[in-house]
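**Student:** I need the structure of the sequence given here:
(one chain, ligands or ions: 2)
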Amino acid sequence: MNKRKEKTWLTIDKRPIVIAGPCSAESEKQVLETAQRLKATDRVDILRAGIWKPRTRPNSFEGVGMVGLPWMVKAKELTGFPITVEVAKASHVESCLQFGIDILWIGARTTVNPFAVQEIADALKGVEIPVLVKNPINPDLSLWLGGIERLEKAGIKEVGAIHRGFSNLGEKFYRNRPQWQIPLEFRRHRPDIPMINDPSHICGRRDILQQVGQKAMDLDFDGLMIESHIDPDNAWSDAKQQITPEVLGTMIRDMELREDYEDVQPLQSKLEYLRQEINHIDDELMNLLSNRMNIARQIGKYKKDNNMTILQIKRWNQIIEKSINHANENKLSKEFVMKFIAAIHDESINQQEKIFREND
Ligand code: PEP
Ligand code: MN
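**Tutor:** Residues are numbered from 1 along each chain as shown. Ligands and ions are numbered 1, 2, ... in the order given. So this is what the prediction gives:
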């Protein structure tokens, strides 16, 4: 049994576990109708709603506040859904505990701030409640892990992580760039913690929700948190990314769920074969890189002896151009090739700098 599934808030032995509900609770009617229509899809496990909204700019809707909590409780009575609400400070925690909210979550703008997370952790001392921690808005794995550790140190046993993407200047396709390597690295450190993907805040728009959610499933995430509104276009917050309960139901139904098939032999051996090939290629890459650095060091020595600068911008531009052409011809994304070649070039410069600093 997968270690992550031993967490009791995930004992519903189902993948994906689906957390759904509006970005914000707006009225009692909206919360109850959303909950009932989500229930009718038979694909949702936990109801979410924002009560206090951490908005990027002031003067936008900042949540209904405490009055929304009894609406959530009513929705739970009506549908049987466990309910989850975002908390950003101790007073939010106290109100949620008072109303019997089942699961708390910490938002991306709170995870960035260790003072705020610590305040929440302190308010939770001696309380048994599951807490889900969204990734911080900046791509900092330690901050995310650290947030979870603060809760664990306060005695919280049931934790989960939510991957909602990272803000990035100039990003146009996503609202928050997914940077999948970060949640994957998180799981390498903490394979015991369930990982939920939040395609709504990654995408910021409806048309690519399905493909991002599907990718999370293919990467063996445990669940999805998706925003759903009875009248998405008129939602008071995050209107562009919300979908109706019915659309959400179809989306989940259409997801392809592949298992990790750890104990199915024929599938494993084919996979094993492909992995061996990858291993060989990785070995070759390492050898090639090492050869390349060897030559870079020789060039470094030559430049030093002849009093030349390390970086020669014309040459660097040629390398970039050549690599981009290569990317276009070989089904590699330009973004990846640029990052790859920049990392190699960076290391070459470091190696040459070392040669420059060496005494003859
Ligand atoms: C939300 O879930 O509505 C929310 C505010 O998300 P995030 O913290 O990911 O921005
Ligand atoms: Mn939202």
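
**Student:** can you tell me how far the residue nearest to residue 245 when sequence neighbours are not counted sits from residue 315?
**Tutor:** Closest residue in space to residue 245, ignoring its immediate chain neighbours: residue 37 at 3.7 Å, by Cβ to Cβ, 6 or more residues apart in numbering. For glycine as for every other residue, the C-beta is placed from the backbone atoms N, C-alpha and C. With distances taken as Cβ to Cβ, to the nearest Å, residue 37 is found 61 Å from residue 315.

**Student:** cool, residue 29 as well?
**Tutor:** 66 Å.

**Student:** Same check on residue 225?
**Tutor:** Distance from residue 225 to residue 315, by Cβ to Cβ: 48 Å.

**Student:** More neighbours: which of these two?
**Tutor:** Neighbour count, other Cβ atoms under 10 Å: between residue 225 and residue 315, residue 225 has more, with 27 against 9.

**Student:** Angles on the backbone of that one, please.
**Tutor:** phi -120, psi 120 (degrees, to the nearest 10).

**Student:** For it, list the residues it contacts.
**Tutor:** 18, 19, 20, 48, 162, 164, 196, 197, 198, 200 (Cβ atoms under 8 Å, 6 or more residues apart in numbering).

**Student:** go again using 6 Å as the cut-off
**Tutor:** Neighbouring residues of residue 225 by Cβ atoms under 6 Å, 6 or more residues apart in numbering: 19, 162, 196, 198.

**Student:** And it, how far from ligand 1?
**Tutor:** From residue 225 across to ligand 1, the span is 7 Å (Cβ to the nearest ligand atom, to the nearest Å).

**Student:** so that residue bridges to which residues?
**Tutor:** residue 19 (DSSP bridges).

**Student:** Which strand or helix spans the residue nearest to residue 245?
**Tutor:** Per DSSP states H and E: residue 37 is located in helix 28-41.

**Student:** what's the closest non-adjacent residue to residue 72?
**Tutor:** That would be residue 83: by Cβ to Cβ, 6+ apart, it lies 4.6 Å from residue 72.

**Student:** which non-adjacent residue is nearest the residue of the stretch 51-200 of the chain found nearest ligand 2?
**Tutor:** Residue nearest to ligand 2 within the stretch 51-200 of the chain: residue 200 (6.4 Å; Cβ to the ion). Closest residue to residue 200 apart from its sequence neighbours, by Cβ to Cβ, 6+ apart: residue 227 at 4.2 Å.

**Student:** Identify the residues contacting the residue nearest to residue 72.
**Tutor:** Per Cβ under 6 Å, 6+ apart, neighbours of residue 83: 47, 72, 76, 101, 102.
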